[in-house]
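Colleague: Sharing a model that was predicted from the sequence below.
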Amino acid sequence: MKIQPTPRSPLHQPALHESGVRHVTGEARYVDDLPLPPGALHGVAVTSPHAHATITRRCADAARAMPGVHAVLFAEDIPGSNLIGPIVHDEELLATTLVHYVGQAVAVVLAESLESAQRAAAAVEVDYEPLPSIQSIEAAIEAEQFIAPVHVIARGDVEAALRQAAVRVTGEVACGAQDHFYLETQAALALPEENGCLTVHSSTQHPTEVQNEVATVLGLGAHAVVCEVPRMGGGFGGKESQATPFACFAALGAHATGRPCKVWLDRDTDMRMTGKRHPFLGKYEAAFDADGMLQGLWVKLYSDAGFSADLSLPVLDRALFHLDNAYFVPALRFEGLACRTNRPSNTAFRGFGGPQGMVVIEEVMNRAAHALKLDPAQLRAKNFYGAAPRDRAPYGQEVPAEHNRLQRIHETLMRSSDYAARKQAAAAFNAGSAWVKRGLGYQPVKFGISFTKSILNQAGALVLVYADGTVQLNHGGTEMGQGLHTKMLTVCAHELGVGVESIRVMTTATDKVPNTSATAASSGSDLNGQAVAAAASEIRERLRPVAAGLLELSEDEAADLRFEGGVITHPNSAKSVPFADVAHQAWVQRVSLSATGYYATPGVGYDHATGSGTPFYYFAYGAVVCEVEVNGLTGEHRMLRADILHDVGTSLVPTIDRGQVEGGFVQGVGWLTCEEVLFADDGRPLTTGPSTYKIPAFGDAPLDFRVDLLPKAPQPGVVHGSKAVGEPPFMLAIGAVTALRDAIAAFGEAEVVLSLPATPEAILRAVEHVRAG
């Protein structure tokens, strides 16, 4: 066996998560683990029991008189603005005259212990006069309650395509909410500083938003507030905008009392007060020719925004952008409306609307395959994007043929998964099994990468090299378990030519890197990686002449110096010098050893008025073949096997990317098969903990789980040829729905009607429908 040399750079090499050991030993610190300073108070919100009501009376006298209570704050106690929101400031931090959902905050109690704060919150008297509420997308449509005007993307004559269709597929498909169920619930700790300033430790994906909104609520400039994020125990989008109010509660408490204040939610409170993945309703008409080529598609999408705008409009935008998924649509009209309901404001969640959009086109593909009597995998492949003119997305952006990996992934996966033989084996199994059936599903994914609001596509970094050769790395991204810090360590180590053990990633903080974008849209590594590379390489170039002097080389020879493995060498010299010695000498020579890096994604932008533009810098691709087994007596199913081939470019850290692919897929399977968010008719949430809300467990993962990263697939213009990986694998899980439909179809002849999530009850209803047909 050939022995591989030890790599001189950690780039593109497998590695452990930089905090992995600390995670499993309990050493990793989260906001709730930070030691409380003396005199710290705990904040608890008083929340509405009604989905829509007028506040007629408030009285906190009894609560304020309870032992250990220091304050009960209402909206009038806010020194700045009571209105917050990530885009539109349309949410009251503390409700004044109206409440709009069960769980909306009306007051905040501050007490010396969590228990005393909870008791006092229960003693705050608030009287309400209930009002009619809107509890569904359908009710909002009927009442014409929308967040904003319709967003339209169109091209060609879709009506003509529908009239001339050999096969026309018409219907609607709904997909439900999903709770983020991060392991660490929402938490914030606010520390008063001198001169009226504050430091806020927040479990947030968006420290700059927390900084700005806290400043707005307190009537301060952003310079008076520092937000620090040690790490998060999961985010998935649920801490992009919705960590902000809890940080504001803590900051308001600290400002009002002059004491440190902590706000932490238990699971029940977290699930009652926070928004979820947006439920969607899609109505569609699709036209196919006799050969199965998609000719036209009309879709009207409705999302459940909840009571306020939050991020619902960009979520809807991305859903519209992904109604095509991997398929070229010659003629189309896509319309989108965000519905206002009396629910917690729904928000970002992994995929950010992309999954909800793709569900519609994949439902169309499954139904068309049934009508045309084609294998759904075959129908999907023949409709892939390709060479011009089949290379334009609905909004006009080119899907470059030279970077389109759909066909390559399809052909490779069909072979490696042994798809054709397994389809035959499943058919043979089904012929001999009356009550247990097997099915296969193939799912391709094309997912656009960038924030669709172009100004957010920027990032910064600050790198500090000390005279002993060790390094501190600051960047604007946040770590929520996804491995961003591991990748940034790798990029920094590669650029400086040092080992990762000599670099410390610092707590993300707004006083180190200002004006950051949220760690979201799968762009954390793309944006921050370029900024880190820019800062580190600037320091490296400053060190070249210093190293050349120590190696007795000329200035011209300095350009060929190699920074690798903690030493600097030259191809024409037998000498070497440790990086630490060069750093010390640079200090002696008064050479700056700190640098900032900045990156802005070029060439992205979108015009809502025309429904056209280039919202994405590039596309990520992937595909899966799923095999499931369905019990026709109980509706239960299990996933026997999943074969995934995913495009991550030239992976910065393959082990991290593989983990993201596996986790994203399983989380997507949870959304589509077992996670069901339920509300009572009056708007009370019914699923507020793991006893009533089922997230995927080990047993829900495929029994045989095969994940491969597409080799030899560098992406030009992205840091070291890599690609984003956080969100795209989530949508591979839609293949599980196709596999379930395939298995259910084996019970009879009728077309499968399967509602989502495909819980055992939904599957059993679908089986009974097929058998009855």
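Modeller: On my side now, so go ahead. Residues are numbered from 1 along each chain as shown.

Colleague: which residue ranges form the strands in the stretch 201-350 of the chain?
Modeller: Using DSSP state E, counting those that start in this stretch, the strands of the stretch 201-350 of the chain run over 225-229, 261-264, 280-288, 294-306, 331-340.

Colleague: Any chance of those strands in TSV with mean pLDDT and distance to residue 141 as columns?
Modeller: All C-beta atoms are positioned from the backbone trio N, CA, C, and that covers glycine. Output for the strands of the stretch 201-350 of the chain, formatted as TSV (pLDDT from 0 to 100; distance: least, C-beta to C-beta, whole Å):
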stretch	mean pLDDT	distance to residue 141
strand 225-229	98	39
strand 261-264	98	36
strand 280-288	98	8
strand 294-306	98	6
strand 331-340	98	7
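
Colleague: Identify whichever of these lies nearest to residue 407.
Modeller: Of all the strands of the stretch 201-350 of the chain, it is strand 294-306 that lies closest to residue 407, at 16.3 Å by C-beta to C-beta.

Colleague: so who does residue 291 touch?
Modeller: residue 382 (C-beta atoms under 8 Å, 6 or more residues apart in numbering).

Colleague: meant to ask about residue 503, not that
Modeller: Counting by C-beta under 8 Å, 6+ apart, residue 503 has contacts 470-473, 489, 492-493, 496.

Colleague: about what we covered before: among the strands of the stretch 201-350 of the chain, which comes closest to residue 54?
Modeller: Evaluated with C-beta to C-beta, the strands of the stretch 201-350 of the chain place strand 331-340 nearest to residue 54, the distance being 17.7 Å.

Colleague: From the contact counts, what lies against that closest one?
Modeller: helix 137-143, strand 151-155, helix 158-163, strand 294-306, helix 312-321 (3 or more C-beta pairs under 8 Å, 6 or more residues apart in numbering; DSSP states H and E).

Colleague: Show residues contacting the one helix or strand residue 110 maps to.
Modeller: Secondary structure assigned from DSSP states H and E places residue 110 in strand 105-111. Residues outside strand 105-111 that contact it (C-beta under 8 Å, 6+ apart) are 41-48, 55, 58, 60, 63, 66, 68-74, 93-95, 99, 117, 120-121, 124, 126, 245, 249, 252-253, 256-257, 261, 273.

Colleague: C-alpha coordinates for it, PDB please?
Modeller: Provided in PDB are the C-alpha atoms of strand 105-111 (Å, rounded to 0.1, in the frame of the first residue of the first chain):
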ATOM      1  CA  ALA A 105     -45.100  39.200  25.500                       C
ATOM      2  CA  VAL A 106     -47.000  41.900  27.400                       C
ATOM      3  CA  ALA A 107     -44.600  42.500  30.300                       C
ATOM      4  CA  VAL A 108     -41.200  41.400  31.600                       C
ATOM      5  CA  VAL A 109     -40.700  40.500  35.300                       C
ATOM      6  CA  LEU A 110     -37.200  40.800  36.800                       C
ATOM      7  CA  ALA A 111     -36.400  38.900  40.000                       C
END
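
Colleague: Mind listing the strands that strand pairs with, and their directions?
Modeller: strand 41-47 (antiparallel), strand 69-73 (antiparallel) (DSSP bridges).

Colleague: For it, the averaged confidence score.
Modeller: What strand 105-111 shows for mean pLDDT is 98.

Colleague: Tell me the helix or strand right after it.
Modeller: Following strand 105-111 in sequence order, the next helix or strand is helix 114-123 (DSSP H and E).

Colleague: For that next one, give the mean pLDDT please.
Modeller: The average pLDDT within helix 114-123 is 98.

Colleague: Output the contacting helices and strands for it.
Modeller: Secondary elements touching helix 114-123 (3+ C-beta pairs under 8 Å, 6+ apart): strand 41-47, helix 61-64, strand 69-73, strand 105-111.

Colleague: In that helix, which of the residues would be classed as buried?
Modeller: 114, 116-121, 123 (16 or more other C-beta atoms under 10 Å).

Colleague: And the furthest pair within the residues you listed?
Modeller: So, those by C-beta to C-beta: farthest apart are 114 and 123, at 15.2 Å.

Colleague: Identify the residue nearest residue 457 in space, chain neighbours excluded?
Modeller: residue 601 (3.7 Å; C-beta to C-beta, 6 or more residues apart in numbering).

Colleague: Now residue 392. Its backbone dihedrals?
Modeller: Residue 392 adopts backbone torsions of phi -120, psi 120, taken as degrees, to the nearest 10.

Colleague: Surely it and residue 399 touch.
Modeller: Yes: using C-beta atoms under 8 Å, residue 392 is in contact with residue 399, at 7.0 Å.

Colleague: Need phi/psi at residue 473.
Modeller: phi -120, psi 120.

Colleague: Low-confidence regions, the stretch 51-200 of the chain specifically.
Modeller: Along the stretch 51-200 of the chain, no part satisfies pLDDT under 70.

Colleague: Which ones among the contacts of residue 503 map onto helices?
Modeller: 489, 492-493, 496 (DSSP state H).

Colleague: Run a quick neighbour tally on residue 204.
Modeller: Close neighbours of residue 204, defined as other C-beta atoms under 10 Å, add up to 33.

Colleague: and the gap between it and residue 86?
Modeller: Using C-beta to C-beta, to the nearest Å, residue 204 is found at 11 Å from residue 86.

Colleague: what touches both of these two?
Modeller: 240, 244.
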